[in-house]
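Colleague: Only the shape, not the letters, is given here:
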DNA sequence: CGTTTGCATTTTGTATACATGAATTGTATT
DNA sequence: AATACAATTCATGTATACAAAATGCAAACG
């Protein structure tokens, strides 16, 4: 139960650095490694059963991704998430999600339209299970289709990275059942706008979607900060 | 006690990986290292007078930044710039530059307004020198002020990264004197919109600005691709 | 009693060594 | 001459070794 949450048993054919990178990233995003926590190389190396080299290389990538901060001659620690940094991320994401919606309108293929319709239905079904993991997966799947429909690889990469930053809050945010109806409705509007090739409506709906996420997440952050002060 | 003495030492002893990272990035962006060129660790290590370790760590960061691509068991090479990848970058940049303009309208301080006015004048002066380097510097300075005025650190980071990707084309693009009047005019419109707190106008002007850059850069790319075939 | 100094431990930063896989070259055979 | 195959070379992937810097603690000093 527990402490061996960090396991590298995923892909045996990827370079160790990538396995370590994915493992650490997941651990940070799920909150298993908490903000401010130090990432000590030897410790991680022992725990993951590899040498320091892949650990270091993974940390370099996490550093550039903004998930860890480097302190010279002291090493890496999990980046602190402040209300400010989340607001910054969401502000950018609002613009990029709107862009995604617009581009999806212009470029979505018939196949993708079918996938999108399916994903929407799946999401509505998922909310009925009340299983947070299932709902989160369905939500991600739906967004992934829209983002992919833009056909812009760089945009896909950036939006995914930004979405990641809020990953740990996503669960809490989805847990709130009172929001499910609203979520379904927001998805429906985005879906219909894309189907109707109405860029403006799709972009607007995407922005509103993010706005609501922001409200929900900010409420949580303030709760958390009220409970325990940062060191 | 000598606090500034410590600070000097800190500045002087930048980790080698960062020195290497900056060196390689600059070499790639200026075209000194050409797309498709292999980055061999031992070779680079000898050339820069360091061991493979800092080289590897620098490459990991360049990889995440999209400036090099990794081929398993073969190593890193400078990322190919295709028309497609530049179109993707510009599409995102158009949205983010528009966002920058909007946010700058809302948040710019009086000090920054003065700086912006100055930077605009400086740019116009710079075009008169016909010195590409001077013009490019003035152009960057102007944009930096607008981006900084958004007060959004993540946005600053992302926009700078995207701008980097087109760095090597920037010179060619600025070299074309017939475009200078247009450039000055575009800057003026953006500047005046921000001064007037007119978000919509500023965003629109920023988009047009990128559109024109895109046209200019794409013309170059096609010329280049016509001259020499990609490997 | 508080401050400082010095030592030990810890941890990063860098270099190097070893192994595996890929590519190339050379040779032999058809 | 061309092709297939083997051997060698070379580069990456990984591990480990070594040095410098920082932290923590304790003892000595004011």
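Modeller: Nice, thanks for sending it over. For clarity, every value in this text was computed on a predicted model and none was experimentally measured.

Colleague: dump the residue contacts of residue A:150.
Modeller: Residues in contact with residue A:150 (CB atoms under 8 Å, 6 or more residues apart in numbering or on different chains) are A:99, A:100, A:103, A:104, A:107, A:156. Any C-beta I mention is one placed from the backbone N, CA and C, and that applies to glycine too.

Colleague: quick check: domain ranges of chain A?
Modeller: What the record gives for chain A is the domain set A:3-78, A:83-227, from automatic domain parsing.

Colleague: would you turn those into JSON lines with mean pLDDT?
Modeller: Below are these laid out as JSON lines (pLDDT from 0 to 100):
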{"stretch": "domain A:3-78", "mean pLDDT": "86"}
{"stretch": "domain A:83-227", "mean pLDDT": "92"}
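
Colleague: Any chance of those domains in JSON lines with distance to residue B:143 as columns?
Modeller: Formatted as JSON lines, the domains of chain A follow (distance: least, CB to CB, whole Å):
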{"stretch": "domain A:3-78", "distance to residue B:143": "22"}
{"stretch": "domain A:83-227", "distance to residue B:143": "17"}
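
Colleague: Point me to the residue sitting farthest from the middle of chain A.
Modeller: Relative to the centre of chain A, the most outlying C-alpha is that of residue A:73, 30.5 Å out, by CA atoms, centre = their mean.

Colleague: From DNA strand C, how far out is that one?
Modeller: Distance of residue A:73 to DNA strand C, computed by CB to the nearest atom of the strand, to the nearest Å: 5 Å.

Colleague: go on, residue A:137?
Modeller: Taking CB to the nearest atom of the strand, one finds residue A:137 at 34 Å from DNA strand C.

Colleague: and that residue, what does it touch?
Modeller: For residue A:137, the contacting residues are residue A:126, by CB under 8 Å, 6+ apart.

Colleague: Go again with 6 Å.
Modeller: By CB atoms under 6 Å, 6 or more residues apart in numbering or on different chains, no residues touch residue A:137.

Colleague: again with residue A:147
Modeller: For residue A:147, the contact set (CB under 6 Å, 6+ apart) comprises A:100, A:156, A:159.

Colleague: Next, find the distance separating it from DNA strand D.
Modeller: Computed as CB to the nearest atom of the strand, the residue A:147 to DNA strand D distance reads 28 Å.

Colleague: what do you get for residue A:49?
Modeller: From residue A:49 over to DNA strand D (counting by CB to the nearest atom of the strand), the distance is 7 Å.

Colleague: ok, how many other residues are close to that residue?
Modeller: The number of residues packed near residue A:49 is 9, by other CB atoms under 10 Å in any protein chain shown.

Colleague: Kindly report the same for residue A:44.
Modeller: Neighbours of residue A:44 (other CB under 10 Å): 23.

Colleague: so what's the closest residue to it other than its chain neighbours up against?
Modeller: Residue nearest to residue A:44 in three dimensions, not counting chain neighbours: residue A:55, with 5.0 Å by CB to CB, 6 or more residues apart in numbering or on different chains. Residue A:55 sits next to A:20, A:41, A:44, A:45 when contact means CB under 6 Å, 6+ apart.

Colleague: residue nearest the centroid of chain A?
Modeller: Closest residue to the average C-alpha location of chain A: residue A:164 at 2.7 Å, with CA atoms, centre = their mean.

Colleague: before we move on, which element is that residue in?
Modeller: helix A:153-165 (DSSP states H and E).

Colleague: Quickly list what the residue in chain A that DNA strand C sits nearest to is bridged to.
Modeller: Proximity to DNA strand C, evaluated over chain A using CB to the nearest atom of the strand, is greatest for residue A:75 at 2.7 Å. Beta-bridge pairing for residue A:75 (DSSP bridges): residue A:71.

Colleague: just to revisit the earlier point, going by neighbour count, list what's buried in the helix holding residue A:164.
Modeller: Using 16 or more other CB atoms under 10 Å in any protein chain shown as the test for burial, helix A:153-165 gives A:154, A:155, A:156, A:158, A:159, A:161, A:162, A:163, A:164, A:165.

Colleague: Is stretch A:154-171 in proximity to chain B?
Modeller: Yes - using CB under 6 Å from any CB of the partner chain, stretch A:154-171 comes into contact with chain B via A:154, A:155.

Colleague: How far off centre is that stretch?
Modeller: 3 Å (CA atoms, centre = their mean, to the nearest Å).

Colleague: swap in stretch A:27-45?
Modeller: 18 Å.

Colleague: In stretch A:22-33, which of the residues would be classed as buried?
Modeller: Quick answer for stretch A:22-33 (16+ other CB under 10 Å): A:23, A:24, A:25, A:26, A:27, A:28, A:29, A:32, A:33.

Colleague: can you tell me which of those lies nearest to residue B:171?
Modeller: Set against residue B:171, the nearest of the buried residues of stretch A:22-33 by CB to CB is residue A:25 (36.7 Å).

Colleague: Got phi/psi on the residue lying closest to residue A:35 once chain neighbours are set aside?
Modeller: Nearest residue to residue A:35 in three dimensions, chain neighbours excluded: residue A:80, at 4.7 Å (CB to CB, 6+ apart). When read as degrees, to the nearest 10, the backbone of residue A:80 gives phi -70, psi 140.

Colleague: Surely residue A:80 and residue A:37 touch.
Modeller: No - using CB atoms under 6 Å, residue A:80 is not in contact with residue A:37; the gap is 10.2 Å.

Colleague: counting contacts, what elements does the longest helix along chain A pack onto?
Modeller: In chain A, assigned by DSSP state H, the helix with the most residues is helix A:199-227. Packing contacts for helix A:199-227, counted by 3 or more CB pairs under 6 Å, 6 or more residues apart in numbering or on different chains; DSSP states H and E, involve helix A:83-107, helix A:167-175, helix A:180-195.

Colleague: mind listing what's buried in that helix?
Modeller: So helix A:199-227, judged by 16+ other CB under 10 Å, has buried residues A:199, A:201-207, A:209-210, A:213-214, A:216-217.

Colleague: what do you get for stretch A:118-132?
Modeller: Quick answer for stretch A:118-132 (16+ other CB under 10 Å): A:119, A:120, A:122, A:123, A:126, A:127, A:132.

Colleague: Can you get me a residue count around the residue lying closest to the third one once chain neighbours are set aside?
Modeller: By that I understand residue A:122. Spatially, and ignoring its direct neighbours in sequence, residue A:122 is nearest to residue A:138 (5.1 Å; CB to CB, 6+ apart). Counted with other CB under 10 Å, the neighbours of residue A:138 add up to 23.
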